[in-house]
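J.: Below are the sequence and a predicted model; questions follow.
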Amino acid sequence: MSIYQNLCHLRQLLLSFMDFEPFSQAVCRLPELSASLLSNLKPPRVRSQALLKMDCQGLVARLVMDFVLLTTAVEVAGRWREMAERLIKVSRQQMEAYEAPHRDKNGVVDSEAMWKPAYDFLVTWAAQIGDSYRDVIQELHMGLDKMKNPITKRWKHLTGTLILVNCLDVLRSSAFSPATQDDYAI
């Protein structure tokens with residue numbers, strides 16, 4: 001199976017979630033699809049371009065936003081409370097509620113598991129911001145910049161992602177262009 005066929009199959013699978021196909025049926029097909037995709041791995045740029053060529057800009061944007069939220073949660077982990085305070089005013093009770101499902105028998109959140117309440121918070125916060133992935137990433141970047149010893153000074157990935165999402169329309173239009181890749185300076 002070519003990467004294009006695999007991506008078409010993945011798109012069909014993702015669209016099936018929107019058609020309210022029972023979750024268990026879709027999950028049963030994921031290992032087969034994943035194995036097929038992993039055997040034909042291409043660089044992320046090629047995969048993103050293929051998704052854009054399939055006119056899946058929304059999927060690319062969603063994948064980028066989910067990646068940003070997850071990597072930010074892992075990056076800030078132990079400092080997630082400070083991040084939450086910089087993004088929105090969060091009460092102590094709300095912070096405790098985010099940590100509650102991740103506590104062990106002794107009522108403590110393991111330091112290696114601190115990314116989990118951070119991720120839960122970021123997903124909830126992003127949903128409150130709205131549907132604009134650009135706004136979510138921009139607000140996240142500004143909030144992280146407000147932290148003491150901001151991670152954005154040493155962690156340039158978020159800035160690069162912000163540039164990417166602001167150029168997504170241009171990338172999408174160039175994906176349909178017959179020009180060669182050598183014409184673009186990346």
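T.: It's in. Being a predicted model, the structure only gives us computed values, none of them experimental.

J.: So which residues of this structure form strands?
T.: In the chain, no strands are defined using DSSP state E.

J.: need the helices for it, in chain order.
T.: 3-18, 23-39, 44-53, 57-76, 80-87, 92-99, 115-129, 133-145, 157-166, 168-175 (DSSP state H).

J.: hey, least reliable of the ones you listed by pLDDT?
T.: Between those, the lowest average pLDDT goes to helix 23-39, which shows a mean of 52.

J.: Now do Ala179, the pLDDT please.
T.: At Ala179, the model reports a pLDDT of 54.

J.: just the one 4 residues further on next, same as before
T.: Residue-level confidence at Asp183 comes out at 53, pLDDT.

J.: got it, and Glu112?
T.: pLDDT, Glu112: 85.

J.: For it, grab the count of nearby residues.
T.: 9 (other CB atoms under 10 Å). C-beta: built from backbone N, CA, C; applies to glycine.

J.: who touches it in this structure?
T.: The contact partners of Glu112, taken as CB atoms under 8 Å, 6 or more residues apart in numbering, number zero.

J.: Against His102, how distant is it?
T.: Plainly put, Glu112 is 11 Å away from His102 if you go by CB to CB, to the nearest Å.
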